[in-house]
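Novice: quick one: sequence plus predicted model below, questions after.
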Amino acid sequence: MRTVRDATFDVLRRTGMTTIFANPGSTEVSLLTGLPDDLEFVLALHEGSVVGMATGWAIARERPALALLHTTAGLGNAVGAIATARVNRAPLVVLVGQQDRRHLALEPFLAGRLGGLAGDYPVRVDQPVRAQDVPGAVARACHEAVTSRGPAMVVVPMDDWSAPAEAEELAAPLRVVRPAAVADAELAALVALLAGARSPVLVVGAGADSPEAWQALTALAERLRCPVWQESFGARAGFPQDHPQFAGILPAGRSRLREALAGHDVVLAAGAPVFRQYPYEPGPLVAPGTAVAVVTDDPAEAHRSPAGLAVLASPAAVCARLAASLPARSTAVPPLPPRTRPPDPPLPCEPLRAAHVLAELAVRLAPEAVVVEETPSSRPDLHRLLPARRPLGFLSAAMGGLGFALPAAVGLRMAAPDRPVVAVVGDGSALYGIQALWSAAHYGVGTLFVVLANGRYAVMDRLAERAGTGKAPWPPFTEVSMAAMARSFGCPALRVETYHELADVLDEVVPGLAGRGEPLLLDVAVAPDPDFQP
């Protein structure tokens with residue numbers, strides 16, 4: 001008898017979702033035991049790591065990844081990672097186990113009220129009415145995840161997998177074609193706006209992180225002879241950050257944002273929102289009289305942007321047409337902010353700081369390296385010292401929650417084994433996703449984890465100082481050893497305490513990162529930066 005399980009496996013094969021990231025429970029046993037040899041099972045020790053690894057895999061492969069979660073507890077543990085996947089626009093199919101359909105009405109042990117548990121973060125939640133509807137629901141979830149750029153969830157009762165499948169067609173197309181081309185007539189208003197600009201400027205974001213978008217935006221920036229800013233708190237880089245016209249990361253507060261964009265009469269945001277902010281400040285986003293346009297393929301991003309013109313289309317396709325249609329400008333590129341030079345090595349009496357570590361990484365990493373960032377108190381230094389030089393050269397958690405970098409770096413390296421992958425993580429951040437180190441070690445994933453260990457939540461300390469309303473109640477955690485924790489998960493680790501130790505280990509490890517077959521964690525002791533301001 002052909003079962004629902006058999007039919008669903010065929011859907012997974014057809015859609016390329018043959019790697020199953022999971023931390024299973026009893027409600028998933030009937031799906032997983034006796035798994036066919038052409039389906040790969042990848043175990044993570046926490047559901048946040050499951051979804052984080054799947055997110056990194058999906059971003060690297062640019063196609064949906066499959067995550068399997070265990071009813072209420074599993075889905076609940078993964079909600080933060082699901083929210084991050086949504087904001088990072090990662091296509092995921094999330095299967096969630098449920099109790100046996102035949103007695104759900106009695107709310108037995110492990111029955112979950114799952115439909116709303118992840119809130120609005122899934123792009124679709126499906127609880128199939130019949131067992132026979134499960135394969136079609138999974139196929140549709142795959143399409144929804146790609147079209148809406150986020151996690152699509154399907155809840156499956158445990159007895160559904162052994163139910164007989166039907167020979168009827170699935171309630172989903174075999175293939176969805178999503179044309180990206182744009183007609184010149186649809187860009188006439190945007191062409192006129194930019195052609196008439198006295199001093200245009202580009203703002204790029206994570207939605208433009210592809211080889212095609214980088215090529216198009218580089219051509220457009222050189223055509224317009226204008227500076228290019230990266231959105232603040234962006235998940236990915238939308239432009240080569242070593243290009244001479246790259247101006248840096250936009251400030252996240254309105255007053256400094258207006259200052260950065262001052263003197264420009266037209267702002268074009270490509271693959272970026274208008275504009276990402278963090279602390280609230282009164283006043284307009286841009287100076288009066290400045291026209292703002294946005295090009296994005298994210299409907300929500302387009303619809304919420306306070307712009308005079310929004311073009312809902314592929315940033316790569318639109319910017320390529322703009323570069324071909326606009327007349328070349330002869331004016332000089334406006335003066336850009338000076339690029340800050342790397343810090344000098346610390347003197348023997350000085351402590352090692354995050355900037356020293358990042359500067360040493362920068363001179364050794366290959367251009368095709370992927371840097372996965374989760375170090376809030378060192379993020380400005382990382383942006384300044386480690387520019388993204390290739391598409392997918394930078395990845396961060398756009399949601400702002402911690403626990404993303406370690407599992408995402410593991411999944412990314414699994415999906416792109418030819419690219420060096422380095423996760424730069426604070427020790428406070430690493431503790432939220434530390435279980436991912438076991439998966440990295442067990443599956444031989446050659447990621448380098450550089451943990452900047454200052455033994456405290458440095459960002460929170462600075463925010464408390466700025467508030468000036470009394471002493472913060474949280475203590476430091478200097479007794480935590482990241483190297484010892486890594487070894488307990490089977491991940492090789494080294495403690496680094498001096499500049500010379502750092503230089504020696506990076507000289508040994510970084511040149512071979514592309515071919516590395518096991519992870520390594522560097523537990524680097526750094527002193528908090530006294531000048532850092534969040």
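Specialist: Cool, the structure landed.
Novice: show me what counts as buried in the helix or strand containing Ala189.
Specialist: Using DSSP states H and E, Ala189 sits within helix 188-195. Neighbour-count burial for helix 188-195, counted by 16 or more other Cβ atoms under 10 Å, picks out 190, 193-194. Bear in mind the C-beta positions are built from the backbone N, C-alpha and C, glycine included.
Novice: what's the average pLDDT for that helix?
Specialist: Mean pLDDT, computed over helix 188-195, is 94.
Novice: which other helices and strands contact it?
Specialist: Using 3 or more Cβ pairs under 8 Å, 6 or more residues apart in numbering; DSSP states H and E as the contact test, the elements touching helix 188-195 are strand 266-270, strand 291-296, strand 309-312, helix 315-325.
Novice: run the last query once more with 10 Å
Specialist: Judged by 3 or more Cβ pairs under 10 Å, 6 or more residues apart in numbering; DSSP states H and E, helix 188-195 is in contact with strand 200-204, helix 211-224, strand 266-270, strand 291-296, strand 309-312, helix 315-325.
Novice: between the ones you listed, which one is closest to Pro528.
Specialist: Across the helices and strands packed on helix 188-195, Pro528 has its closest neighbour in strand 200-204 (31.1 Å, Cβ to Cβ).
Novice: partner strands of the closest one, with direction?
Specialist: strand 228-230 (parallel), strand 266-270 (parallel) (DSSP bridges).
Novice: hey, C-alpha coordinates of that strand in PDB?
Specialist: Coordinates of each C-alpha in strand 200-204 appear next as PDB, following Å, rounded to 0.1, in the frame of the first residue of the first chain:
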ATOM      1  CA  PRO A 200      21.300  61.000  -6.400                       C
ATOM      2  CA  VAL A 201      22.300  58.400  -3.900                       C
ATOM      3  CA  LEU A 202      21.700  54.700  -3.600                       C
ATOM      4  CA  VAL A 203      20.800  52.800  -0.500                       C
ATOM      5  CA  VAL A 204      21.100  49.000  -0.800                       C
END
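Novice: in which helix or strand does the residue nearest to Gly112 when sequence neighbours are not counted reside?
Specialist: Excluding the flanking residues, the one nearest Gly112 by Cβ to Cβ, 6 or more residues apart in numbering is Thr72, at 3.6 Å. Taking DSSP H and E as the definition, Thr72 sits inside helix 71-87.
Novice: which of the residues in the helix or strand following that helix are buried?
Specialist: Using DSSP H and E, the helix or strand that follows helix 71-87 in sequence is strand 92-98. By 16+ other Cβ under 10 Å, the buried positions in strand 92-98 come out as 92-98.
Novice: what's the closest of those to Leu39?
Specialist: Among the buried residues of strand 92-98, and counting by Cβ to Cβ, the member closest to Leu39 is Leu95, at 12.8 Å.
Novice: residues touching the closest one, list them.
Specialist: Under the criterion of Cβ atoms under 10 Å, 6 or more residues apart in numbering, the neighbours of Leu95 are 8, 12, 17, 20, 22, 28, 31, 66-69, 134, 137-138, 141, 153-156.
Novice: the helix holding Thr72 - contacts with which helices or strands?
Specialist: helix 47-61, strand 65-69, strand 92-98, strand 151-157, helix 405-415.
Novice: now that helix: how far from the chain's centre is it?
Specialist: 15 Å (Cα atoms, centre = their mean, to the nearest Å).
Novice: just give the closest residue to Leu68, not the sequence neighbours.
Specialist: For Leu68, the spatially nearest residue (Cβ to Cβ, 6+ apart) is Ala22, at 3.8 Å.
Novice: Val422 too?
Specialist: Leu448 is the one closest to Val422 (Cβ to Cβ, 6+ apart), at 4.7 Å.
Novice: touching, Thr331 and Arg223? I think so.
Specialist: No. With contact defined as Cβ atoms under 10 Å, Thr331 does not count as touching Arg223 (11.9 Å).
Novice: hmm, back to that, for the helices and strands packed on helix 188-195, could you give me JSON lines that also reports mean pLDDT?
Specialist: Converted to JSON lines, these look like this (pLDDT from 0 to 100):
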{"stretch": "strand 200-204", "mean pLDDT": "97"}
{"stretch": "helix 211-224", "mean pLDDT": "96"}
{"stretch": "strand 266-270", "mean pLDDT": "97"}
{"stretch": "strand 291-296", "mean pLDDT": "95"}
{"stretch": "strand 309-312", "mean pLDDT": "95"}
{"stretch": "helix 315-325", "mean pLDDT": "95"}
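Novice: export stretch 32-42 as CSV, just CAs?
Specialist: This file holds the C-alpha atoms of stretch 32-42, laid out as CSV (Å, rounded to 0.1, in the frame of the first residue of the first chain):
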residue,chain,number,x,y,z
LEU,A,32,11.5,9.1,10.4
THR,A,33,12.1,5.4,11.2
GLY,A,34,13.3,3.5,8.1
LEU,A,35,14.1,6.7,6.3
PRO,A,36,15.0,6.0,2.6
ASP,A,37,18.7,6.2,1.8
ASP,A,38,18.3,9.2,-0.6
LEU,A,39,17.0,11.4,2.2
GLU,A,40,19.6,12.8,4.6
PHE,A,41,18.8,13.3,8.3
VAL,A,42,20.7,16.0,10.2
